[in-house]
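Enquirer: Task: produce atomic coordinates for the following.
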Amino acid sequence: MKKLNSFLLILFAFNVLVSQTLESTYDTTGFARGSDVVGDYLYLGGGNQGMQIFDISDRSNPQLLSSVGSSAETYNVMVVGNYAYAADMASGVKIIDITNPNSPSVTSTIDTNGHAFDVYVSGNYLYISDYNQSFKIYNISDPSNPSSSGSVWLGDESWHLDVSGNYAYVANRYNGLKIIDISDPDSPSVTGNYDTGGGTSYDVRDVKVSGNYAYLAARGNGLQVIDISNPASPSLAYSYGSGNSYGIDIEGNFAYLADHSSDFLVFDISTPTNASLVGQYNSTPDNPQALTVDGGYAYIGDFGYMVILNVFNTWDGSASNDWNNSSNWGYGVVPSSNDYAIAPSGSTIVISSNTSVKKIKVSSGADLTISSGSTLSVSEDFTILGSVTNSGSIVIE
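Expert: The predicted model follows:
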């Protein structure tokens, strides 16, 4: 492991199994951990530098706007509305007013009597995974005066967590995945547990939930997909690799894994019980700790660095000019309505049937044609830097 006194904010263009391009660097102090992205702002858990706010409207030239210091280490951040909730380890949780990103201010601080590792906000409640082996809930209906609700002792270090419906899912290290019933915030209880096995050789560091599945970043087990359709009896649905995985996130039909052994992996999870590896980036400069994926970009807390990767499904045109031929796409799958697609310079693409994507970028020097009788529907953003010939229809939803 590299020992560094600072981290670099590094931006790469991500192309599957193709060389990456360094866009820019930003050098600051601290250790990059977990982050949250809202609009053009990145809220970073910057270790002993506290929470840092970056303007990322131009990812080739990110700007540090402000920070809120820490007497401990800020590990993870979640933003809801005008507040950022920062897990500040031994200093508890800071609730920070970010109405003005250039001048954030602490509204209140929760003393958790432990080490707040990760946070999740839903409605009027704040859920905290505590490194000191517990899970805690606070009522934050008044952010200036949060109050304790319920808690559960979990018996091992609690790392990342996710919340879906009436359940919280906690990466409970050597105890595996803990599923907690939070339907009554004043009296949470453990409903189910999935033990990854292997004693201290295997442990769970991160979890993300989508539908009836929980996706785990597991040290010694890589990616594990757990069927949680019955929360009281979770079961293994799929497993890949044996790496040293620390962070995971999901966007659309893809899962993204931060791994000390393989750095960064992309999986097609359109069939969760048979996920497939479709991309890999193995040149992060340090040891990936956590990641957030938002809007087609992955933000990796790499201990001494923050790495930002473009994770659009990139056209390579290796088979033909047909959009619907999966062999033409870098991930080996045709982009769907939940996905992000990019047509790089030199591309010639023809859409000859009704097609939906979340976001698409037509780069300078690329040509996209929508044939007569066909419709391209874009739900989020359509960036045109190249040429678009529309003989059919384009719908921006």
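Enquirer: show me where the stretch 101-250 of the chain has strands.
Expert: 105-110, 116-122, 125-130, 134-139, 147-153, 161-164, 167-171, 177-181, 189-194, 203-210, 213-219, 222-227, 235-240, 245-251 (DSSP state E, counting those that start in this stretch).
Enquirer: and the shortest one, how far out from the chain's middle?
Expert: By that I understand strand 161-164. 13 Å (CA atoms, centre = their mean, to the nearest Å).
Enquirer: What strands flank it, and is each parallel or antiparallel?
Expert: Applying DSSP bridges to the sheet, strand 161-164 is found paired with strand 167-171 (antiparallel).
Enquirer: Tell me the spacing between the most centrally placed residue in the chain and residue 245.
Expert: Centroid-nearest residue in the chain, with CA atoms, centre = their mean: residue 292, separated by 2.4 Å. Residue 292 sits 15 Å away from residue 245, taking CB to CB, to the nearest Å as the criterion. C-betas here are computed from N, CA, C, even on glycine.
Enquirer: can you check residue 122 too?
Expert: On the measure of CB to CB, residue 122 and residue 245 end up 25 Å apart.
Enquirer: Now for residue 165: which residues touch it?
Expert: Going by CB atoms under 8 Å, 6 or more residues apart in numbering, residue 165 touches no other residue.
Enquirer: could the strands of the stretch 101-250 of the chain go into JSON lines alongside mean neighbour count and mean pLDDT?
Expert: Formatted as JSON lines, those follow (neighbours: other CB atoms under 10 Å; pLDDT from 0 to 100):
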{"stretch": "strand 105-110", "mean neighbour count": "16", "mean pLDDT": "98"}
{"stretch": "strand 116-122", "mean neighbour count": "25", "mean pLDDT": "98"}
{"stretch": "strand 125-130", "mean neighbour count": "26", "mean pLDDT": "97"}
{"stretch": "strand 134-139", "mean neighbour count": "21", "mean pLDDT": "97"}
{"stretch": "strand 147-153", "mean neighbour count": "16", "mean pLDDT": "97"}
{"stretch": "strand 161-164", "mean neighbour count": "21", "mean pLDDT": "98"}
{"stretch": "strand 167-171", "mean neighbour count": "28", "mean pLDDT": "98"}
{"stretch": "strand 177-181", "mean neighbour count": "23", "mean pLDDT": "97"}
{"stretch": "strand 189-194", "mean neighbour count": "18", "mean pLDDT": "97"}
{"stretch": "strand 203-210", "mean neighbour count": "23", "mean pLDDT": "96"}
{"stretch": "strand 213-219", "mean neighbour count": "27", "mean pLDDT": "94"}
{"stretch": "strand 222-227", "mean neighbour count": "22", "mean pLDDT": "95"}
{"stretch": "strand 235-240", "mean neighbour count": "16", "mean pLDDT": "95"}
{"stretch": "strand 245-251", "mean neighbour count": "24", "mean pLDDT": "94"}
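Enquirer: can you list these in TSV and add distance to residue 305?
Expert: Listed next are the strands of the stretch 101-250 of the chain as TSV, based on distance: least, CB to CB, whole Å:
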stretch	distance to residue 305
strand 105-110	27
strand 116-122	20
strand 125-130	24
strand 134-139	30
strand 147-153	35
strand 161-164	24
strand 167-171	23
strand 177-181	28
strand 189-194	32
strand 203-210	18
strand 213-219	18
strand 222-227	22
strand 235-240	25
strand 245-251	14
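Enquirer: quick one, which of these is nearest to residue 379?
Expert: strand 245-251 (13.3 Å; CB to CB).
Enquirer: Counting by contacts, list what the closest one packs against.
Expert: strand 203-210, strand 213-219, strand 222-227, strand 254-259, strand 290-294, strand 297-301 (3 or more CB pairs under 8 Å, 6 or more residues apart in numbering; DSSP states H and E).
Enquirer: ok, back up a step: would you mind saying which of the strands of the stretch 101-250 of the chain lies nearest residue 80?
Expert: strand 116-122 (4.6 Å).
Enquirer: That closest one - contacts with which helices or strands?
Expert: strand 76-80, strand 83-87, strand 125-130, strand 161-164.
Enquirer: For those, could you give me a markdown table that also reports distance to residue 41?
Expert: Shown next, in a markdown table, are the helices and strands packed on strand 116-122 (distance: least, CB to CB, whole Å):
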| stretch | distance to residue 41 |
| --- | --- |
| strand 76-80 | 8 |
| strand 83-87 | 10 |
| strand 125-130 | 20 |
| strand 161-164 | 22 |
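Enquirer: I'd like to know which of the ones you listed is closest to residue 249.
Expert: Of the helices and strands packed on strand 116-122, nearest to residue 249 by CB to CB is strand 161-164, at 10.0 Å.
Enquirer: ok, and what's touching the closest one?
Expert: In contact with strand 161-164 (CB under 8 Å, 6+ apart) are residues 118, 120, 122, 127, 129, 135, 168-171, 182, 207-209, 214.
Enquirer: Model confidence at residue 29, what's the number?
Expert: On the pLDDT scale, residue 29 is placed at 68.
Enquirer: Who is residue 294 paired with across the strands?
Expert: residue 297.
Enquirer: how far away is residue 280 from residue 228?
Expert: Relative to residue 228, and taking CB to CB, residue 280 is found at 27 Å.
Enquirer: Equivalent analysis for residue 38, please.
Expert: From residue 38 to residue 228 the distance is 27 Å (CB to CB).
Enquirer: higher neighbour count, these two?
Expert: residue 228 (24 against 15; other CB atoms under 10 Å).
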